[in-house]
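> Make a model of this:
(chains A and B)
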Amino acid sequence: QKEVEQNSGPLSVPEGAIASLNCTYSDRGSQSFFWYRQYSGKSPELIMSIYSNGDKEDGRFTAQLNKASQYVSLLIRDSQPSDSATYLCAGASGNTPLVFGKGTRLSVIA
Amino acid sequence: SAVISQKPSRDICQRGTSLTIQCQVDSQVTMMFWYRQQPGQSLTLIATANQGSEATYESGFVIDKFPISRPNLTFSTLTVSNLSPEDSSIYLCSVGTGLEYGYTFGSGTRLTVV
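Below is the predicted model:
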(Lines give C-alpha, C1' and ligand atoms only; values in the text may rest on other atoms or scores of the structure.)
Protein backbone atom coordinates (compact mmCIF):
# COMPACT_ATOMS: atom_id res chain seq x y z
CA GLN A 1 0.00 0.00 0.00
CA LYS A 2 1.54 3.26 -1.12
CA GLU A 3 1.02 5.96 1.47
CA VAL A 4 1.95 9.58 1.83
CA GLU A 5 1.64 11.04 5.31
CA GLN A 6 1.26 14.67 6.27
CA ASN A 7 0.38 16.49 9.45
CA SER A 8 -3.10 17.86 8.84
CA GLY A 9 -2.44 21.02 10.85
CA PRO A 10 -3.57 23.68 11.01
CA LEU A 11 -0.12 25.20 10.94
CA SER A 12 -0.19 28.85 11.93
CA VAL A 13 2.73 31.18 11.24
CA PRO A 14 3.03 34.98 11.46
CA GLU A 15 3.41 37.00 8.31
CA GLY A 16 7.05 37.15 7.21
CA ALA A 17 8.04 33.93 8.98
CA ILE A 18 9.15 30.65 7.43
CA ALA A 19 6.50 27.98 7.09
CA SER A 20 7.79 24.40 7.15
CA LEU A 21 5.61 21.63 5.75
CA ASN A 22 6.61 17.99 6.01
CA CYS A 23 5.69 14.75 4.33
CA THR A 24 6.82 11.12 4.54
CA TYR A 25 6.17 8.35 2.07
CA SER A 26 6.14 4.57 2.28
CA ASP A 27 6.94 3.51 -1.29
CA ARG A 28 10.69 3.44 -1.91
CA GLY A 29 9.92 3.09 -5.61
CA SER A 30 8.48 6.60 -5.73
CA GLN A 31 10.66 8.71 -7.97
CA SER A 32 9.12 12.16 -8.07
CA PHE A 33 7.33 14.30 -5.54
CA PHE A 34 5.08 17.27 -5.85
CA TRP A 35 3.72 19.99 -3.64
CA TYR A 36 0.34 21.39 -4.58
CA ARG A 37 -1.44 24.37 -3.12
CA GLN A 38 -5.22 24.22 -2.94
CA TYR A 39 -7.41 27.14 -2.05
CA SER A 40 -10.88 26.36 -0.77
CA GLY A 41 -13.20 25.45 -3.63
CA LYS A 42 -10.38 25.42 -6.20
CA SER A 43 -8.43 22.65 -7.88
CA PRO A 44 -4.83 21.89 -6.82
CA GLU A 45 -2.11 24.09 -8.26
CA LEU A 46 1.45 22.78 -8.64
CA ILE A 47 3.98 24.68 -6.50
CA MET A 48 7.10 22.55 -6.72
CA SER A 49 8.30 19.25 -8.10
CA ILE A 50 11.44 17.42 -6.98
CA TYR A 51 13.01 14.09 -7.90
CA SER A 52 16.64 14.37 -6.84
CA ASN A 53 17.98 14.26 -3.30
CA GLY A 54 18.70 17.70 -1.90
CA ASP A 55 17.12 21.10 -2.18
CA LYS A 56 15.31 22.81 -5.04
CA GLU A 57 14.54 26.48 -4.79
CA ASP A 58 12.01 28.56 -6.70
CA GLY A 59 11.44 32.07 -5.43
CA ARG A 60 10.14 31.91 -1.86
CA PHE A 61 9.68 28.14 -2.04
CA THR A 62 12.26 25.44 -1.32
CA ALA A 63 11.51 21.75 -1.66
CA GLN A 64 13.75 19.23 0.07
CA LEU A 65 13.96 15.51 -0.66
CA ASN A 66 15.73 12.84 1.36
CA LYS A 67 15.15 9.46 -0.25
CA ALA A 68 17.07 7.57 2.44
CA SER A 69 14.68 8.90 5.08
CA GLN A 70 11.69 8.87 2.70
CA TYR A 71 11.04 12.47 3.61
CA VAL A 72 9.93 15.49 1.60
CA SER A 73 9.48 19.02 2.86
CA LEU A 74 8.43 22.42 1.61
CA LEU A 75 9.71 25.67 3.08
CA ILE A 76 7.93 28.92 2.39
CA ARG A 77 10.01 31.98 3.21
CA ASP A 78 8.53 35.39 3.97
CA SER A 79 5.07 33.84 4.36
CA GLN A 80 2.19 36.01 3.21
CA PRO A 81 -1.52 35.84 4.09
CA SER A 82 -2.11 34.83 0.46
CA ASP A 83 -0.13 31.65 1.18
CA SER A 84 -2.92 30.50 3.49
CA ALA A 85 -4.23 27.34 1.86
CA THR A 86 -4.05 23.57 2.09
CA TYR A 87 -0.77 22.12 0.86
CA LEU A 88 -0.86 18.65 -0.62
CA CYS A 89 2.19 16.42 -0.89
CA ALA A 90 2.10 13.76 -3.59
CA GLY A 91 4.42 11.09 -4.94
CA ALA A 92 4.60 9.09 -8.14
CA SER A 93 6.86 6.73 -10.01
CA GLY A 94 7.11 6.88 -13.78
CA ASN A 95 3.69 7.62 -15.26
CA THR A 96 1.75 6.20 -12.35
CA PRO A 97 -1.02 8.33 -10.84
CA LEU A 98 -0.20 10.62 -7.97
CA VAL A 99 -0.69 9.36 -4.43
CA PHE A 100 -1.69 12.24 -2.21
CA GLY A 101 -1.26 12.92 1.46
CA LYS A 102 -4.21 14.28 3.40
CA GLY A 103 -2.86 17.82 3.15
CA THR A 104 -1.66 20.38 5.67
CA ARG A 105 -3.73 23.48 6.26
CA LEU A 106 -1.53 26.57 6.54
CA SER A 107 -2.71 29.81 8.06
CA VAL A 108 -0.50 32.91 7.77
CA ILE A 109 -1.52 35.50 10.28
CA ALA A 110 -1.09 39.18 9.41
CA SER B 1 2.24 22.07 -19.38
CA ALA B 2 -1.11 20.78 -20.58
CA VAL B 3 -4.33 22.76 -20.21
CA ILE B 4 -7.47 20.86 -19.26
CA SER B 5 -11.01 22.06 -19.82
CA GLN B 6 -13.42 20.32 -17.45
CA LYS B 7 -17.17 20.65 -17.39
CA PRO B 8 -19.61 21.10 -15.87
CA SER B 9 -18.05 23.13 -13.10
CA ARG B 10 -20.89 22.26 -10.77
CA ASP B 11 -24.21 20.52 -10.77
CA ILE B 12 -27.02 19.63 -8.43
CA CYS B 13 -28.56 16.24 -9.21
CA GLN B 14 -31.44 14.17 -7.92
CA ARG B 15 -30.62 10.88 -6.25
CA GLY B 16 -30.87 7.94 -8.59
CA THR B 17 -29.83 9.93 -11.66
CA SER B 18 -26.39 10.12 -13.30
CA LEU B 19 -23.92 12.87 -14.09
CA THR B 20 -21.33 12.79 -16.85
CA ILE B 21 -18.21 14.90 -16.49
CA GLN B 22 -16.05 15.77 -19.48
CA CYS B 23 -12.36 16.63 -19.70
CA GLN B 24 -10.69 17.98 -22.83
CA VAL B 25 -6.91 18.31 -22.96
CA ASP B 26 -5.10 20.67 -25.33
CA SER B 27 -2.49 18.03 -26.21
CA GLN B 28 -2.36 14.29 -26.67
CA VAL B 29 -1.72 12.36 -23.46
CA THR B 30 -1.46 8.64 -22.89
CA MET B 31 -3.07 8.45 -19.49
CA MET B 32 -5.74 10.50 -17.77
CA PHE B 33 -6.61 10.12 -14.13
CA TRP B 34 -9.88 10.69 -12.34
CA TYR B 35 -9.93 11.74 -8.68
CA ARG B 36 -12.60 12.36 -6.09
CA GLN B 37 -12.24 14.86 -3.28
CA GLN B 38 -14.85 14.52 -0.58
CA PRO B 39 -15.55 17.52 1.66
CA GLY B 40 -12.55 18.36 3.82
CA GLN B 41 -10.56 15.42 2.46
CA SER B 42 -7.63 14.88 0.16
CA LEU B 43 -7.77 13.50 -3.35
CA THR B 44 -8.57 9.82 -3.88
CA LEU B 45 -7.84 8.16 -7.20
CA ILE B 46 -10.91 6.62 -8.84
CA ALA B 47 -9.37 5.21 -12.01
CA THR B 48 -6.77 5.57 -14.73
CA ALA B 49 -8.17 6.02 -18.23
CA ASN B 50 -6.07 4.73 -21.12
CA GLN B 51 -6.99 5.31 -24.74
CA GLY B 52 -8.05 2.12 -26.47
CA SER B 53 -8.40 -0.04 -23.37
CA GLU B 54 -10.59 -0.43 -20.33
CA ALA B 55 -10.00 1.94 -17.46
CA THR B 56 -8.15 0.62 -14.42
CA TYR B 57 -10.14 1.13 -11.23
CA GLU B 58 -8.80 1.52 -7.71
CA SER B 59 -10.04 -0.56 -4.82
CA GLY B 60 -13.49 0.56 -3.77
CA PHE B 61 -14.46 1.93 -7.18
CA VAL B 62 -16.31 -0.14 -9.77
CA ILE B 63 -17.08 0.32 -13.44
CA ASP B 64 -20.84 0.04 -12.97
CA LYS B 65 -20.83 3.04 -10.65
CA PHE B 66 -18.11 5.07 -12.40
CA PRO B 67 -18.03 4.19 -16.10
CA ILE B 68 -15.25 5.95 -17.99
CA SER B 69 -14.80 6.57 -21.69
CA ARG B 70 -11.55 7.48 -23.45
CA PRO B 71 -12.32 7.73 -27.17
CA ASN B 72 -9.08 9.51 -28.09
CA LEU B 73 -5.86 10.92 -26.65
CA THR B 74 -7.34 14.32 -25.75
CA PHE B 75 -10.73 13.51 -24.23
CA SER B 76 -12.31 11.48 -21.44
CA THR B 77 -15.59 11.30 -19.58
CA LEU B 78 -16.46 10.03 -16.12
CA THR B 79 -20.05 9.16 -15.32
CA VAL B 80 -21.22 8.90 -11.73
CA SER B 81 -24.25 6.61 -11.81
CA ASN B 82 -27.20 5.97 -9.55
CA LEU B 83 -26.38 9.00 -7.47
CA SER B 84 -26.74 9.09 -3.71
CA PRO B 85 -25.93 11.92 -1.28
CA GLU B 86 -22.66 10.14 -0.46
CA ASP B 87 -21.49 10.92 -4.01
CA SER B 88 -21.50 14.64 -3.26
CA SER B 89 -17.88 15.56 -3.87
CA ILE B 90 -15.55 17.38 -6.16
CA TYR B 91 -14.42 15.30 -9.12
CA LEU B 92 -11.17 16.15 -10.88
CA CYS B 93 -9.40 14.88 -13.94
CA SER B 94 -5.63 15.01 -14.26
CA VAL B 95 -2.88 14.31 -16.76
CA GLY B 96 0.84 13.81 -16.25
CA THR B 97 3.10 16.06 -18.29
CA GLY B 98 6.54 15.01 -17.18
CA LEU B 99 8.63 15.31 -14.08
CA GLU B 100 9.29 19.03 -14.39
CA TYR B 101 5.69 20.13 -14.94
CA GLY B 102 4.10 17.53 -12.78
CA TYR B 103 0.49 16.62 -13.11
CA THR B 104 -2.09 19.14 -14.24
CA PHE B 105 -5.65 19.21 -12.97
CA GLY B 106 -8.89 20.29 -14.48
CA SER B 107 -10.85 22.95 -12.63
CA GLY B 108 -13.04 20.34 -10.97
CA THR B 109 -16.74 19.48 -10.92
CA ARG B 110 -18.58 20.12 -7.69
CA LEU B 111 -21.44 17.62 -7.47
CA THR B 112 -24.26 17.95 -4.96
CA VAL B 113 -26.80 15.13 -4.76
CA VAL B 114 -30.17 15.97 -3.23
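> can you give me the end-to-end distance of stretch A:29-48?
End-to-end distance for stretch A:29-48, by Cα to Cα, to the nearest Å: 20 Å.
> Which residues belonging to that stretch are considered buried?
Neighbour-count burial for stretch A:29-48 flags A:30, A:32-38, A:43-44, A:46-48 (criterion: 16 or more other Cβ atoms under 10 Å in any protein chain shown). Bear in mind the C-beta positions are built from the backbone N, C-alpha and C, glycine included.
> Show me the strands in the chain, by range?
Since no chain was named, I'll use chain A. A:4-6, A:11-14, A:19-25, A:32-38, A:45-50, A:54-58, A:61-66, A:71-76, A:85-92, A:99-100, A:104-109 (DSSP state E).
> I was after chain B.
Going by DSSP E, chain B shows strands at B:4-7, B:10-13, B:19-25, B:31-37, B:43-50, B:56-57, B:68-72, B:75-80, B:89-96, B:103-105, B:109-113.
> possible to save the ones you listed as JSON lines with mean pLDDT?
Converted to JSON lines, the strands of chain B look like this (pLDDT from 0 to 100):
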{"stretch": "strand B:4-7", "mean pLDDT": "96"}
{"stretch": "strand B:10-13", "mean pLDDT": "97"}
{"stretch": "strand B:19-25", "mean pLDDT": "97"}
{"stretch": "strand B:31-37", "mean pLDDT": "94"}
{"stretch": "strand B:43-50", "mean pLDDT": "94"}
{"stretch": "strand B:56-57", "mean pLDDT": "95"}
{"stretch": "strand B:68-72", "mean pLDDT": "94"}
{"stretch": "strand B:75-80", "mean pLDDT": "97"}
{"stretch": "strand B:89-96", "mean pLDDT": "94"}
{"stretch": "strand B:103-105", "mean pLDDT": "90"}
{"stretch": "strand B:109-113", "mean pLDDT": "97"}
